[in-house]
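predicted model and sequence follow; I will ask about them next.
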Amino acid sequence: MGFKEQIDIKRLPEHIAIIMDGNGRWAKNQGKFRVFGHESGVLSVKDIVEGCVDIGVKYLTVYAFSTENWNRPIDEVNALMELLISTINEQAETLNKNNVRLNAIGDLKSLPQKCIDDLANVMEITSKNTKCTLTLALSYSAKWEIIEAAKKLTQQVLEQKIALDDINEQTFAAQLTTAQIPDPELMIRTSGEHRVSNFLLWQIAYTELYFTETLWPDFRREDLFEAIVDYQKRERRFGKISEQLN
C-alpha cells in the first residue's frame, strides 16, 4: 500500500508549510551550478501543489526566498529573480487549470519591479480559484513580520483607534501577512536540516515539524504523502493530556 492510500482524508492538515532546502547541494551532487538546482526545484513545487490538490489540502505555503537570501552571491540572486518571474508566468495557466489561487507574503516591495508586476498579475488572474491557496513567501522574514505587526498596533494605539488592553493574540495575528490564512498544522523541511530558519515563527507555535533527508529537487508528492501519514500518527494535545482528547 502506498502512502496516499494510508492517508485518512478526514484528518488532513488544512495548511502545510514547506521549507524547500537543498537545491544547491543537489546541483553540486550533479556537478552543476547552483541555479540548476533551483530550476529543478520548480518541478518539485509543481508536483507538490498538484499533490495537495489531489488529496484536498486547502493551503500550501512555501519558503521561496528569505530576506537572508539577499546576502547570497549577486549572480545567484539575479538568477533566482529571473527564475521566479518566468515560473510565475509559465504556471499561471496550470494554476487556473488546477483551481489554485496564488498568494504571496513578505516584504514584496523589495523585489524587482518586474517581479512585483507579474506576481500581482497572476494573483489577480487566479484570485477566484478555490481548490487550494498556494502562498509564496518572498523576501520573507518572520522577525520582520512580527516587528511590522507590532508597529501597526503601536500606531493604532497612538492614534487612539484601539486601547493597549485591546491587544491580544487575535488582534496581533490580524496584523500578520497571514491574517487570512489558518496557521499550518504541518511544517516540512527537506535536506536534513533541523531548524525553522526565521519562517512563520508566530504561526507555528503548535505546528507539527517533519524533517527529511531528501533534497528539495528530489521531493515529490509521495514524499508529501509520507509526511502526512507521519503527521496523522501524532497526538496533538495543545497542552491537554491524552485522556482529555478521547
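That came through, no problem. Numbers count the residues shown, from 1 in each chain.

could you use CA atoms for every contact and neighbour count after this?
Fine.

packing partners for the helix or strand containing residue 40?
Assigned by DSSP states H and E, residue 40 falls within helix 34-55. With contacts taken as 3 or more C-alpha pairs under 8 Å, 6 or more residues apart in numbering; DSSP states H and E, helix 34-55 sits against helix 23-29, helix 74-97, strand 132-140, helix 221-232.

how does it look with 7 Å?
The helices and strands touching helix 34-55, judged by 3 or more C-alpha pairs under 7 Å, 6 or more residues apart in numbering; DSSP states H and E, are helix 23-29, helix 221-232.

pull the contacting residues for residue 12.
The contact partners of residue 12, by C-alpha atoms under 7 Å, 6 or more residues apart in numbering, come to residue 57.

grab the nearest non-local neighbour of residue 114.
Excluding the flanking residues, the one nearest residue 114 by C-alpha to C-alpha, 6 or more residues apart in numbering is residue 85, at 7.5 Å.

pull the number of nearby residues for the one you found.
By the criterion of other C-alpha atoms under 10 Å, residue 85 has 18 neighbours.

thinking again about what came up before, out of the helices and strands packed on helix 34-55, nearest to residue 62?
helix 221-232 (13.0 Å; C-alpha to C-alpha).

angle of that closest one against helix 34-55?
Angular relation of helix 221-232 and helix 34-55 on a 0 to 180 degree scale: 60 degrees, by axes from the mean of the first three to the mean of the last three C-alpha atoms, to 10 degrees.

from the chain's centroid, how far away is helix 221-232?
Relative to its chain's centre, helix 221-232 lies at 16 Å (C-alpha atoms, centre = their mean, to the nearest Å).

could I have that helix exported to PDB, CA atoms only?
Only the C-alpha atoms of helix 221-232 are listed here, as PDB (Å, rounded to 0.1, in the frame of the first residue of the first chain):
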ATOM      1  CA  ARG A 221       4.100  14.000  -3.800                       C
ATOM      2  CA  GLU A 222       4.800  10.500  -2.500                       C
ATOM      3  CA  ASP A 223       7.200  12.200   0.000                       C
ATOM      4  CA  LEU A 224       4.500  14.700   0.800                       C
ATOM      5  CA  PHE A 225       2.000  11.800   1.400                       C
ATOM      6  CA  GLU A 226       4.600  10.100   3.700                       C
ATOM      7  CA  ALA A 227       4.900  13.300   5.800                       C
ATOM      8  CA  ILE A 228       1.100  13.500   6.100                       C
ATOM      9  CA  VAL A 229       0.900   9.800   7.200                       C
ATOM     10  CA  ASP A 230       3.600  10.600   9.900                       C
ATOM     11  CA  TYR A 231       1.600  13.600  11.000                       C
ATOM     12  CA  GLN A 232      -1.600  11.600  11.300                       C
END
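
tell me what it is packed against?
helix 3-6, helix 34-55.

go with 6 Å
helix 3-6 (3 or more C-alpha pairs under 6 Å, 6 or more residues apart in numbering; DSSP states H and E).
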